[in-house]
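Engineer: Need a 3D model of the following:
(2 chains)
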Amino acid sequence: MINIKTFAQVREITGEDSLALPLPDGCSTVSQLKSMLAARSANWQQVLADGVLCAVNQELGDDDSQIKDNDEVAFFPPVTGG
Amino acid sequence: MFAEVTDAALDEQAYNTRLKAKATNAGAIVTFTGLVRDYNNEGGIDGISLEHYPGMTEAAMMKLLEQAKMQFDLRSAGIVHRYGFVGNHEPIVWVGCAASHRKAAFEAAEFVMDMLKKSVPLWKKEHQDGDATWVAAKASDEEAAMKWLNQK
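Structural biologist: Coordinates of the predicted model:
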């Protein structure tokens, strides 16, 4: 399974704050996971096209970051703290 | 060093005392407090709400302090950031940096704030007339962070 979390606009637009999905064979990068999520709904497609950031196991990552079973992958917009 | 998030009012004096106690042999402490402005480009606002990523937010802030410690030879440092609703004029973030000399302490505090705005998972929403709008990331914040990254 892969554990997905969303924050801020990504959470509001997708309406899914966390989900666990089976990780299909051959899905080993953030980029591949994004394609899988984009197929879920038009809302997912929208947020993923929108310069979304990601973190793998709570470390900032990018499209090429490797993912494996039981990882936590988060998607969120550019940060605006401080 | 300490990096924390809280939904309670910030106690700047307590953090300062804590930093001082940890900063053996420091010759300078610079602290920064960020406050909620009561306006944005469109007019008055009624406070903000902050969302964070429990676990990662604290870890990202601690990582930032470790980087600052290395880069500016700090004796100690701390960050405390609010989450949840924060009213107008209330402190939203506190940063403290202790170093042997003032220049390093000043620079480190600026570095921590610039990088926090770019790399720590926190998202702001502004409340206005019963509505709440997500704040867009600013190009000027991006540039401020890039300035430090390009220096290395």
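Engineer: Around chain A, pick out the residues from chain B.
Structural biologist: Counting by C-beta under 8 Å from any C-beta of the partner chain, the residues of chain B close to chain A are B:34, B:50-53, B:55-56, B:59-60, B:81, B:92-93, B:113, B:116-124, B:134-138, B:141. C-beta here means a position set from N, CA and C on the backbone, and glycine is covered the same way.
Engineer: In strands only, show me these.
Structural biologist: B:34, B:50, B:51, B:52, B:81, B:92, B:93, B:122, B:123, B:124, B:134 (DSSP state E).
Engineer: can you pull the contacts of the second one?
Structural biologist: It stands for residue B:50. When contacts are counted by C-beta atoms under 8 Å, 6 or more residues apart in numbering or on different chains, residue B:50 touches A:81, B:81, B:82, B:83, B:84, B:86, B:92, B:122, B:123, B:124, B:125.
Engineer: go with 7 Å
Structural biologist: Residue B:50 sits next to A:81, B:82, B:83, B:84, B:86, B:122, B:123, B:124 when contact means C-beta atoms under 7 Å, 6 or more residues apart in numbering or on different chains.
Engineer: Within range of chain B, give me the residues from chain A.
Structural biologist: For chain A, the contact set with chain B under C-beta under 7 Å from any C-beta of the partner chain comprises A:7-9, A:55, A:58, A:60, A:74, A:76-82.
Engineer: would you turn those residues into JSON lines with pLDDT, secondary structure and distance to residue A:46?
Structural biologist: Shown next, in JSON lines, are the residues of chain A next to chain B (pLDDT from 0 to 100; DSSP: H, G, I helix; E, B strand; the rest coil; distance: C-beta to C-beta, whole Å):
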{"residue": "A:7", "pLDDT": "98", "secondary structure": "coil", "distance to residue A:46": "16"}
{"residue": "A:8", "pLDDT": "97", "secondary structure": "helix", "distance to residue A:46": "14"}
{"residue": "A:9", "pLDDT": "96", "secondary structure": "helix", "distance to residue A:46": "10"}
{"residue": "A:55", "pLDDT": "97", "secondary structure": "strand", "distance to residue A:46": "20"}
{"residue": "A:58", "pLDDT": "96", "secondary structure": "coil", "distance to residue A:46": "25"}
{"residue": "A:60", "pLDDT": "93", "secondary structure": "strand", "distance to residue A:46": "22"}
{"residue": "A:74", "pLDDT": "98", "secondary structure": "strand", "distance to residue A:46": "18"}
{"residue": "A:76", "pLDDT": "97", "secondary structure": "strand", "distance to residue A:46": "14"}
{"residue": "A:77", "pLDDT": "96", "secondary structure": "coil", "distance to residue A:46": "12"}
{"residue": "A:78", "pLDDT": "95", "secondary structure": "coil", "distance to residue A:46": "16"}
{"residue": "A:79", "pLDDT": "96", "secondary structure": "coil", "distance to residue A:46": "20"}
{"residue": "A:80", "pLDDT": "96", "secondary structure": "coil", "distance to residue A:46": "19"}
{"residue": "A:81", "pLDDT": "95", "secondary structure": "coil", "distance to residue A:46": "24"}
{"residue": "A:82", "pLDDT": "93", "secondary structure": "coil", "distance to residue A:46": "27"}
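Engineer: Give me the pLDDT value at residue B:152.
Structural biologist: pLDDT recorded at residue B:152 is 57.
Engineer: Which of the helices or strands spans residue B:89?
Structural biologist: Taking DSSP states H and E as the definition, one finds residue B:89 inside no helix or strand.
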